[in-house]
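1. give me a 3D structure for the following:
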Amino acid sequence: MEGIESKKVAVLCGGWSDEREVSISSGTASAQALREAGFVQVDLLDIADKDFVHNIADGGYDAAFVALHGRYGEDGCVQGFLELLGIPYTCSGVLASALATDKAMAKDIYREHGIPTPKEVCLLRGDEYDVVDLVGRVGLPCFVKPVSSGSSYGITHVKEASELADAIEEAFKFDTRILVEAAVVGTEITVPVLGNERAQALEAIEVRYETEFYDLSVKYDDPSKHHVTPPELPEDVVERAKELACRAHQALGCSGASRSDFMVDADGIPYIIETNVIPGMTPQSLLPDAARRMGLGFPELCRKLIELALERGARTTQN
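-> Purely as a prediction, here's the structure:
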């Protein structure tokens, strides 16, 4: 697609979620990358700004680059707003964004499409539960996590039954529904996927850390300390994870880009943990790192995301 650099682009960031500061970092980096890719009209807009609705509606934008994370930005809310305005936008649409953000719903879809995922119990705030019963159903160790929060907020790695009640209370600070999920012991890898219907997996990355799980202190640290490419796993296992990441992208109805995280157990089975529909776009983030390792620099990646957004927008208009 030639000449897209003449398009006026709004980079959306900020917002009200727990991931506001990460989003601002993603948005700032992406706006700069788009300028380096040749786009001459790039505006960085914070959706929490009181003038945002006026600015986006009257700004004459040809596309929106969504660099939002968490509630209102990654869950389909801003996507629906952009649909009403008729502005093509990067990454997934309303339904895919909502489904992927809801970890409980996403796991049902994974299972429906034959994608292995750890067993879990979903609790609603106010539900009565029995610790012994939960441990019997998911085992130990396990993770307790909010259903719709991201960037590891509210997640606890539970090793002993005595820790479970406090972990549940912590998770409920971030959401009205939580998951108590079996912990798969093994190797953590992530697989970014790029494209619309004909999406392809990028290079898989093994994620290493000394903390109990891939938490905030690791996610935004120097990637050279934690990212290993290719993963130190059998080639057929990595290829299987790539296949499953593409299947998850399609099953959820994702567009543009996604990134699925897996734990590979001792038998070489990749268990999908979640699919991120707006992967981080900071210099330390996994999607840009995977793209760079395949020869696609950050400016080129951001340009590609705009191209895919316009492609999907044109197809929607035709339909």
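2. who's in contact with the lengthiest helix in the chain?
-> Secondary structure of the chain per DSSP state H: the longest helix is helix 298-318. Contact partners of helix 298-318, identified using C-beta atoms under 8 Å, 6 or more residues apart in numbering, comprise 1, 4-5, 7, 9, 29-30, 33-34, 36-39, 62-65, 88-91, 93, 194-196, 255-257, 281, 283, 287-288, 291-292, 296. From N, CA and C alone the C-beta is placed, and that goes for glycine too.
3. chain center to that helix, what's the gap?
-> 18 Å (C-alpha atoms, centre = their mean, to the nearest Å).
4. now stretch 281-295
-> 14 Å.
5. give the buried residues for it.
-> For stretch 281-295, burial by neighbour count (16 or more other C-beta atoms under 10 Å) applies to 281-292.
6. just give me the closest of these to residue 156.
-> Nearest to residue 156 among the buried residues of stretch 281-295 is residue 286, at 22.6 Å by C-beta to C-beta.
7. ok, that closest one to residue 39 distance?
-> Per C-beta to C-beta, to the nearest Å, residue 286 is found 24 Å from residue 39.
8. which of the three states applies to residue 179?
-> strand (DSSP: H, G, I helix; E, B strand; the rest coil).
9. test my guess that it contacts residue 117.
-> No: contact status for residue 179 versus residue 117: not in contact, 10.8 Å apart, counting by C-beta atoms under 8 Å.
10. do you know how far the residue lying closest to residue 280 once chain neighbours are set aside is from residue 54?
-> Counting by C-beta to C-beta, 6 or more residues apart in numbering, residue 26 is the residue found nearest to residue 280 once chain neighbours are left out, at 5.8 Å. Noted for residue 26: a distance of 24 Å to residue 54, by C-beta to C-beta.
11. the more surrounded of these two?
-> Between residue 26 and residue 54, counted using other C-beta atoms under 10 Å, the more crowded position is residue 26 (26 against 10).
12. can you tell me the element the more buried one falls in?
-> Per DSSP states H and E: residue 26 is located in helix 20-36.
13. so what does that helix touch, helix or strand wise?
-> For helix 20-36, the elements it packs on are strand 8-13, strand 41-46, strand 63-66, helix 298-318, judged by 3 or more C-beta pairs under 8 Å, 6 or more residues apart in numbering; DSSP states H and E.
14. let's go with 6 Å and repeat that
-> The elements that helix 20-36 packs onto, with contact taken as 3 or more C-beta pairs under 6 Å, 6 or more residues apart in numbering; DSSP states H and E, are strand 8-13, strand 41-46, helix 298-318.
15. tell me which of these sits most buried.
-> Most buried of the helices and strands packed on helix 20-36 by mean neighbour count (mean count of other C-beta atoms under 10 Å) is strand 8-13; its value is a mean of 25.
16. pull up the pairing partners for it, direction included.
-> strand 41-46 (parallel), strand 63-66 (parallel) (DSSP bridges).
17. tell me which residues are up against the helix or strand following the first one.
-> Under the assignment DSSP H and E, the closest C-terminal helix or strand after strand 41-46 is helix 52-57. The list of residues contacting helix 52-57 from outside it, by C-beta atoms under 6 Å, 6 or more residues apart in numbering, reads 10, 45, 85.
18. mind doing that once more with 10 Å?
-> For helix 52-57, contacts defined as C-beta atoms under 10 Å, 6 or more residues apart in numbering pick out 10, 12, 14-15, 43, 45-47, 49, 61, 64, 78, 81-82, 84-85, 87.
19. cool, stretch 36-43 as well?
-> By C-beta under 10 Å, 6+ apart, stretch 36-43 touches 4-12, 30-35, 55-56, 59-63, 65, 297-304, 306.
20. for the stretch 51-200 of the chain, which segments count as helices?
-> All helices of the stretch 51-200 of the chain, identified by DSSP state H, counting those that start in this stretch, fall at 52-57, 77-85, 94-101, 103-112, 131-138, 164-171.
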